[in-house]
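sequence first, then the predicted structure:
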Amino acid sequence: MTELLQTLVLSLLVGGIYALVASGLTLIFGVMRVINIAHGAYLILGAFITYTLWNQLGLDPLVGVLITTPVVFGLGWLIYRLMVRPIRHAPMSSTVLLTFGLALVTEGVMGLIWGNNSTAIRPSYVDESFHVGALFLPKAQVYGGVLAVVVLGALWLILTKTWLGRAIRAAAANPASAELVGIKVTSVAALVFGLGLAAAGAGGAITGVLYPFVPGSHYVWIARLLAIVVLGGLGSLEGAVVSALIFGFAETVTAVYISPAWATAVPYAIVFAVLLIRPQGLLGTRLRDDAVAA
Amino acid sequence: MSTATTAQASEAKRGFDPIWFGRALALVAGVLLVLYPILSDNLYYQNMIILSLVFAIAASGLSIITGLAGYVSLGQGAFIGLGGYTVGILATKHPDTNVWLWMPLAGVVAALVALILGFVALRARGPSFVIITVAFLFLVQVIAINWRPLTGGTEGLSLPIPTWDIDIQNWPFYYTLVGILGLQLLLTWWIRRTKLGTGLVAIREDETKAATIGINLPVEKIIAFVASSMLVGVAGGVYGYYLTFIDPRGMFNILLSVETMLALLVGGKATLWGPVLGAFIVEPLNEYANNNLGGGNTRLLLFGGLLIVIVLFLPQGVLPAIESLLNWVRTRGRAGLVGARIGTGGSLASLTDRLSLVDREVTTAPPPLLEIKDLHKAFGGLKAVDGASFVVPEGSITGLIGPNGSGKTTLFNLVDNTIHADAGEIWLAGERIDKLSSWSRAHRGLGRTFQITRLFREMTVLENVVAAQRSFSWGQLGRIAVSGPEAKAADELLEYVGMRAFRDQKARALSFGQQKLVELAQVLMLDPRLILLDEPAGGINPVLIDRMSEMIRELNSYGKTFLIVEHNMPFVLGLCDPVHVLGRGRTMASGTPAEIQKDPAVVDAYLGDDFVLEAADATPAAHERTATP
């Protein structure tokens, strides 16, 4: 019973982090119909930047979020301006291939800068735990989970309470009409791309403390993230959050009760199951058939 | 005069055709490829060519599903791995059997897996499909890592060392791969020429529309998927044996898929030779990066950078870029054909063997050909079609009018299953069809044009017409589409609608009115019993409108039944009988044109008080002033 409760709480904490990162991915898709395959790569980049800040300057990784996030945001803004914008009217598969190329380049660059050996961020509290009743909750996981929820909350506030947020939702719903009422859709899109990537960067700072990583870890992450947003419904923010929690739970349970080796298969199994049974995901709406040019 | 002689004549006038230069180049390259191991014993280059051959096979296979059908797959490398593992597992379990015997089995396994994956991916389009293929690749890798008793897990499998004479080096691998590449190219070439091939391109251009002209989507997509992976599996088997060691990280590395995709993109994804050219560009680059630039990360930068550059700056690939450059040089300073006059149309005499005559004297009370019963469709809270019911009598030209937003086009969409009805029944010739797929409805005699024409933009006019599939049979899929009887029939129909002169133009180059005519020819290719026309007179010039109604009458006299949605009242009321009026998703009136014009409800809701047909000739927009209440 205790073990189950422990699993549940830990999976919720992990799920919160997944929700943060997946929100960025689904936000980008919702606004510009781009599936950012490089999302995992920017998460790992966030982790490496955090590692350097911690290793060189002794900055606590969770404080490092304050630096990592703006840096990755700027990078995302730049990438949109330079690469995504010129092909925004091309078929969706073009941007998939483009962002896949970006993922490979980022992986290569990280390998050149930080090397391909396993890296870990280990602040002083990494081996300590909170004891709540019979539960052992590692401090890093608790801090990380809480921080993720805070950042996610901030993102949520931006989207619902600010002019930018309304502009973003307008651009997502109908780009042409948004232009008509004075929203510069490409500028909004650049900000969204930055915001989406920033979510990945923040997630990287948090997960870098929890798990060791190499440049190639981004494959695991993108698989996981795609599974989450497909399950939640591409473009649905609420869906991403709900399915991130479900996903965190499924993965943790598989790792604890079946085997960690097979836990890596969970995302793929979910993708297949969702696309077979309910292609639009949990909360997604079915895209118009004639609007989806392959 | 037959098509062939016209083509040859214009060919001769043009003189030198670069296509022959290209063919000669391909021939020379082929001969060099076959002779190379005999001429040189350099193992470094032999190895490079062997690897290039593997990717050329994989990329040529990929060109079927990605180039023709437009489904981007990043899981193509998995079929190389599956082939390698099939051979690897069998060779280690049966050490005394000749390894080459297992190669065909590698193809069978790849084909079976493709078949299953094809079924799983049927409902996924666009980005979902890419995600599924990546998930598939990673899933197979996870299985290969975890199913240790069979695959040896991460330690991998060692295959038997080849036992043949050292003097012949890697010739057996080399020539087997050359042979497989030959077969794959033959398969790709053949598919491109068949009805299956035009169907796949139609799916790439507009899948929903493709279904309405009789293309059986699941069958064609699954065949394409199997055809694109079967021989790749065999090549993977040879590749695994050549490496003599396979492990999950190598064989199911996503970089194999990336390299295959790059080969396809660099060469030109919709061309026959592009993937081969691409493979022989990308793999040597890869070898160079590996050996001279430090490998690992450099390789990632190379692949990733190349992918970005191609997508941004050369999306068509090398071969199409050369082709369009040559085209530009050749046609520079000449007027395009697009502005030419539309032909006056051929007689229907050439069509009579395809169209059946109906004797008007016998059919006194025509049975209903199409029957709509209480049809419903809601988009969220909006009831677009809300209990519409009407009948289209056999042999009639029936009109369907109503204010904008009254549900006319939605009704068409429901009849041909472009969207699914919520409730209600649709009967065609005594058979209930509302549970059938679009293509099955097309095969039962339903043809439909769109308000905003939906031709396949990147296909030529002729290809657009031959893409239609009258019925489904496996044999028909294999029929050659681009020449022979199919092309001849399409030619006749184009002649009839007056668009024969445009047959080799890309559909996207045509004007709106011209597209309407081609779409009509496309639908006629289905030899339909009932033709639904969505605003045939909308947005085209008056001469063309007259021609259109002339053709409708003529086709009707040969037994074609029409259901026409149109806002041009003189056109509708002069042509159609009976006329149904749709208002707020319901049939609010039905009758002869005369009755409709007098119906107070119709006048109130749609025509307006001042509507007089005679006067409307002078002011065609009369009805629009008072159109919506």
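Received it, and whenever you're ready, just let me know what you need.

chain A contacts on the stretch 1-150 of chain B?
B:70-72, B:74, B:120-121, B:123-132, B:134-136, B:138-139, B:142-143, B:145-146 (Cβ under 8 Å from any Cβ of the partner chain). Quick note: C-beta positions are derived from backbone N, CA and C, even for glycine.

which of those fall in helices?
Judged by DSSP state H, the residues of the stretch 1-150 of chain B next to chain A include B:120-121, B:126-132, B:134-136, B:138-139, B:142-143, B:145-146 as members of helices.

buried members of the residues you listed into PyMOL, please.
Paste this into PyMOL to select the buried members of these, with burial taken from 16 or more other Cβ atoms under 10 Å in any protein chain shown:
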select buried, chain B and resi 120+121+126+127+128+129+130+131+132+134+135+136+138+139+142+143+145+146
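
all the helices of the stretch 201-350 of chain B, in order from the start?
B:207-212, B:217-243, B:248-251, B:254-267, B:274-292, B:296-313, B:318-331 (DSSP state H, counting those that start in this stretch).

just chain A next, same as before
Applying DSSP H to chain A gives helices spanning A:2-32, A:39-57, A:61-79, A:92-114, A:139-161, A:163-173, A:175-180, A:185-210, A:218-232, A:237-253, A:260-263, A:266-277.

chain B: which of these is closest?
helix A:92-114 (2.9 Å; Cβ to the nearest Cβ).

so where's the chain shaky on pLDDT?
If you meant another chain, say so; for now it's chain A. Scanning chain A for pLDDT under 70 picks out A:284-294.

let me rephrase: I mean chain B.
Scanning chain B for pLDDT under 70 picks out B:1-17, B:332-366, B:609-629.

where along it do the strands fall?
Ranges of strands in chain B, per DSSP state E, are B:157-158, B:245-246, B:368-379, B:382-393, B:397-401, B:423-428, B:431-432, B:446-448, B:530-534, B:561-565, B:579-583, B:586-591.

and the residue nearest to residue B:156 when sequence neighbours are not counted, how far is that from chain A?
Leaving aside its chain neighbours, residue B:156 sits nearest to residue B:247 (2.9 Å; criterion: Cβ to Cβ, 6 or more residues apart in numbering or on different chains). Residue B:247 sits 15 Å away from chain A, going by Cβ to the nearest Cβ, to the nearest Å.

what of residue B:499?
To chain A, residue B:499 is 25 Å away according to Cβ to the nearest Cβ.

number of residues surrounding that residue?
Residue B:499 has 25 neighbours, counted by other Cβ atoms under 10 Å in any protein chain shown.

that one contacts residue B:460, correct?
No - taking Cβ atoms under 8 Å as the definition, residue B:499 is not a contact partner of residue B:460, at 11.2 Å.

tell me the contacts of residue B:161?
Each residue near residue B:161 by Cβ atoms under 8 Å, 6 or more residues apart in numbering or on different chains is listed here: residue B:244.

over to it: give its phi and psi.
phi -70, psi 140 (degrees, to the nearest 10).

kindly report the same for the one 3 residues further on.
Taking degrees, to the nearest 10, you get phi -70, psi 170 for the backbone angles of residue B:164.

what about the residue lying closest to it once chain neighbours are set aside, how many residues nearby?
Spatially, and ignoring its direct neighbours in sequence, residue B:164 is nearest to residue B:172 (6.4 Å; Cβ to Cβ, 6+ apart). Counted by other Cβ under 10 Å, the residues lying close to residue B:172 total 15.

wouldn't residue B:172 be in contact with residue B:163 here?
No - when contacts are counted by Cβ under 8 Å, residue B:172 is not listed as touching residue B:163 (10.6 Å).

overlap in contacts, these two.
In contact with both residue B:172 and residue B:163: no residue, using Cβ under 8 Å, 6+ apart.

quick one on the thing from earlier: which of the strands of chain B sits most buried?
Most buried of these by mean neighbour count (mean count of other Cβ atoms under 10 Å in any protein chain shown) is strand B:446-448; its value is a mean of 28.

that strand close to chain A?
No - using Cβ under 8 Å from any Cβ, we find that strand B:446-448 stays clear of chain A, coming within 14.1 Å at best.
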